[in-house]
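1. Sharing a model prediction with you, sequence too.
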Amino acid sequence: GQSLEQPSEVTAVEGAIVQINCTYQTSGFYGLSWYQQHDGGAPTFLSYNGLDGLEETGRFSSFLSRSDSYGYLLLQELQMKDSASYFCAVGYQKVTFGTGTKLQVIP
Amino acid sequence: GAVVSQHPSWVICKSGTSVKIECRSLDFQATTMFWYRQFPKQSLMLMATSNEGSKATYEQGVEKDKFLINHASLTLSTLTVTSAHPEDSSFYICSAPPGTRATNEQFFGPGTRLTVL
């Protein structure tokens, strides 16, 4: 089976930097993806790491270490609109999502 | 980008009735679509894989006779919750991969909130 563990909740201050971790156990690995989901909305794709290292997309960066079965999402210059749930995910087409981290950005 | 729509966005029904949810890929063809269910404050759980022109494949623990899936065209998959009960109340989301392998990105519909009274 596959499992992806994340912290359940994180609180950070507007303008700060926050890191959301993800540890996984999978059979077959096609890379680690990250999705954002606002309350009542659909998940939206943020980033993908197929290889080890850091991928940067604007204020968001994602890191992967396949040897450690670990990745993280880094959000910089936090804004109030970043308050949402964030999910790491594995799988090609058929996606398994992590447990999810609810991020609350406070003024 | 690829757009996936769902209809209805929300539905309230009485216990014992059936509800059909549609998932459409608007600007691309999808031979495969996926159905997820999300209970409050939980993650998305894959229910089944919808395959155009063939039977759906269901994840372990999902009753195929209760959650009927039909993928009659390259742009439409439907999920029918038969004899719905209050415990079926959930957020149902479909997704479709646009076919690119580069990023593993999935495109999700806006979801359907089902409430069974």
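-> Perfect, I can see it now.

2. When you work out contacts or count neighbours from here on, use the C-alpha atoms and nothing else.
-> Fine.

3. What is the burial count for residue B:94?
-> Residues near residue B:94, counting by other Cα atoms under 10 Å in any protein chain shown, number 33.

4. counting contacts, what elements does the helix or strand of chain B with the lowest mean pLDDT pack onto?
-> None of the helices or strands of chain B scores lower by mean pLDDT, DSSP states H and E than strand B:107-108, at a mean of 90. Here strand B:107-108 touches strand A:44-49, strand B:90-96, going by 3 or more Cα pairs under 8 Å, 6 or more residues apart in numbering or on different chains; DSSP states H and E.

5. quick one: strands adjacent to the first one?
-> Here strand A:44-49 has these sheet partners by DSSP bridges: strand A:32-37 (antiparallel).

6. returning to what we had before: and the helix or strand immediately after the least confident helix or strand of chain B in the chain, which strands flank it?
-> Once strand B:107-108 ends, the next helix or strand along the chain (criterion: DSSP states H and E) is strand B:112-116. Strands that pair with strand B:112-116, judged by DSSP bridges, come out as strand B:10-13 (parallel), strand B:90-96 (antiparallel).

7. Select, out of those strands, the one closest to residue A:104.
-> For residue A:104, the closest of those is strand B:90-96, at 21.8 Å, according to Cα to Cα.

8. got a list of contacts for the closest one?
-> Here strand B:90-96 makes contact (Cα atoms under 8 Å, 6 or more residues apart in numbering or on different chains) with A:42, A:93, B:4, B:6, B:23, B:25, B:30, B:32-40, B:106-115.

9. Now the buried members of those residues.
-> A:42, A:93, B:4, B:6, B:23, B:25, B:30, B:32-38, B:106-115 (16 or more other Cα atoms under 10 Å in any protein chain shown).

10. Can you give me the distance of residue A:36 to residue B:72?
-> Residue A:36 sits 30 Å away from residue B:72, taking Cα to Cα, to the nearest Å as the criterion.

11. out of the two, which sits in the more crowded spot?
-> For the pair residue A:36 and residue B:72, the greater number of neighbours falls to residue A:36 (22 against 15), based on other Cα under 10 Å.

12. ok, for the more buried one, nearest residue in space, not its chain neighbours?
-> What sits nearest to residue A:36 in space, not counting adjacent residues and going by Cα to Cα, 6 or more residues apart in numbering or on different chains, is residue A:86, at 4.6 Å.

13. so who does the nearest residue to residue B:17 once chain neighbours are set aside touch?
-> Closest residue to residue B:17 apart from its sequence neighbours, by Cα to Cα, 6+ apart: residue B:83 at 4.9 Å. Going by Cα under 8 Å, 6+ apart, residue B:83 touches B:15-18, B:66.

14. and residue B:83, how far is that from residue A:101?
-> 33 Å.

15. Which residues of chain B lie near chain A?
-> With Cα under 8 Å from any Cα of the partner chain as the criterion, chain B meets chain A at residues B:34, B:42-46, B:49, B:93, B:96-97, B:101, B:103-111.

16. How about the contacts made by residue A:47?
-> So, once contact is read as Cα under 8 Å, 6+ apart, residue A:47 ends up touching A:33-35, A:55, A:57, A:61-62, B:103.
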